[in-house]
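Peer 1: This is a predicted model, with the sequence first.
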Amino acid sequence: MERKIQSLASLGTKNFTVYLDEVSLRNGRISKRICIDHPQAAAIVPFVSDNEIIMVRQYRYALGRETLEIPAGKIDEGESPEECIKRELVEETGFEAKFIKWLYTYAPSVGYSNELIHLYLGRDLKKLEKKIDENEISSLEILTLEDVLGMIRNQKIIDSKTVIALAFIRSLI
C-alpha cells in the first residue's frame, strides 16, 4: 500500500482537482503520484426503437476533434446517478426516458483518478419541447446498433463509456 506524505501542488477547477502528492511506497521509498479528485458521472444508451439509439456528437478539446458518444455528464452535488442521467438525457438530446435500467459502474482511469461512471439503458423515449445544449452538443444521430458496433470495430468510436455500454447492451440482446 502507498501512503500519502503530503500534497506538493494542486490545481482546482469547477469540476475536479488535480493533486501532485509525495507518497511512501510499500518498500519504503519515496515517490510522486498524480491524483485527480473527480466527481462521478452517468451515461445512458437511449433506445428510440428496438434497434436504434441516440448518439451525440461533440467536440473534445483534449483530443482536438469531435467524437460520437452516448449521452453523459457529471453528477452534481446531492444528485443520484439516476437523477443525473435523466437530467443529462434531456439537456443533451431533448428526450426523456420513461424506463431506465442500471447496467454497470466502472472506473475509467484507475491509475490517476477516482472517477466512477454509472452506465444505464433507457427505453420508452419521449421528445420534449426543449432545445439541446448547443454549447456542448454539435448534433444528434440516430443509429442502428449494428452501425454503432461497426463504428466501434473500425475505431470511429473510441469513447470508453460508449464502448463499454454497448458491450453490455450486446450481451443482453
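Peer 2: Yes, it's here.

Peer 1: low-confidence ranges in this protein?
Peer 2: Judged by pLDDT under 70, the chain has its weakly predicted residues at 172-173.

Peer 1: what domains does the record give for it?
Peer 2: What the record gives for the chain is the domain set 3-37, 41-172, from automatic domain parsing.

Peer 1: Highest mean neighbour count out of the ones you listed?
Peer 2: Among those, ranked by average contacts under mean count of other C-beta atoms under 10 Å, first place goes to domain 41-172 (a mean of 16). Using the backbone N, CA and C atoms, a C-beta is placed for each residue, glycine as well.

Peer 1: Which strand residues bridge Leu125?
Peer 2: Using DSSP bridges, the bridge partners assigned to Leu125 are Ala97.

Peer 1: Please name the residues that touch it.
Peer 2: Taking C-beta atoms under 8 Å, 6 or more residues apart in numbering as the contact definition, Leu125 lies against 46-48, 54, 95-98.

Peer 1: need the contact list for the residue of the chain positioned farthest from its centre.
Peer 2: Among the C-alpha atoms of the chain, the one farthest from their average position, using C-alpha atoms, centre = their mean, is that of Gly28, at 36.5 Å. Taking C-beta under 8 Å, 6+ apart as the criterion, Gly28 is in contact with no other residue.

Peer 1: Is it in a helix, a strand, or coil?
Peer 2: Per DSSP: H, G, I helix; E, B strand; the rest coil, the local secondary structure of Gly28 is coil.

Peer 1: now do the one 5 residues further on
Peer 2: When the structure is split into helix, strand and coil by three-state DSSP, Arg33 lands in strand.

Peer 1: Please enumerate the strands of this protein.
Peer 2: Counting by DSSP state E, one finds strands in the chain at the ranges 3-12, 17-24, 30-37, 41-46, 52-60, 65-69, 72-74, 95-106, 117-127, 139-144.

Peer 1: Paired strands for the second one, with orientation please.
Peer 2: According to DSSP bridges, strand 17-24 has the following sheet partners: strand 3-12 (antiparallel), strand 30-37 (antiparallel).
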